[in-house]
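> With the input below, show me the fold.
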Amino acid sequence: MLRILFLGDDGHHRPAERFKQLESSMAGRHVVLEYTRALNDLNSAKLAGYDCLLIYANHTKISPEQEKAIEALLLATVNKISHPVLNHVRRSYSTGGAVDDETIQAWRATFGLEDEGATTGRTNDGLEDD
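Numbering: from 1, shown residues only. Have a look, this model is predicted:
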């Protein structure tokens, strides 16, 4: 299940209508969308319940706390996406495959992943075994 928070506004591009179009096209596809116009919904507690944030609004400023909450959501999403790939790399490496520590570190650096055992807020670094 993919959970998306759709941030709109009262702008001329009619985000509430776009939300309804997207919501109907995602019906039955294991995607849950929630619409909000409230910029104060960009906080760690609220975003912790979502996999991604879709912004279709013309807000020009957010607080440092809101920026941190969005960054944490982005990092958690990257970790969730990269987890299966990193597990594959790790299994390949442990069975004598061609993947080495340098490759794993390059992958971590690309996505800004922390070293194993560190935490990132919502999730750990996404590298625990299945």
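> So which bits of the strand or helix carrying Ile70 are buried?
Assigned by DSSP states H and E, Ile70 falls within helix 64-94. Going by neighbour count (16 or more other C-beta atoms under 10 Å), the buried part of helix 64-94 is 66, 69-70, 72-73, 75-79, 82-83, 86, 89-90. Where you see a C-beta, it was placed from the backbone N, CA and C, and this is true even at glycine.
> Please enumerate the helices of the protein.
Assigned by DSSP state H, the helices in the chain fall at 15-26, 44-47, 64-94, 101-111.
> Mean pLDDT for these - can I get that in TSV?
Below are the helices of the chain laid out as TSV (pLDDT from 0 to 100):
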stretch	mean pLDDT
helix 15-26	93
helix 44-47	96
helix 64-94	83
helix 101-111	71
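> For those, could you give me CSV that also reports distance to Leu2?
Listed next are the helices of the chain as CSV, based on distance: least, C-beta to C-beta, whole Å:
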stretch, distance to Leu2
helix 15-26, 9
helix 44-47, 14
helix 64-94, 10
helix 101-111, 19
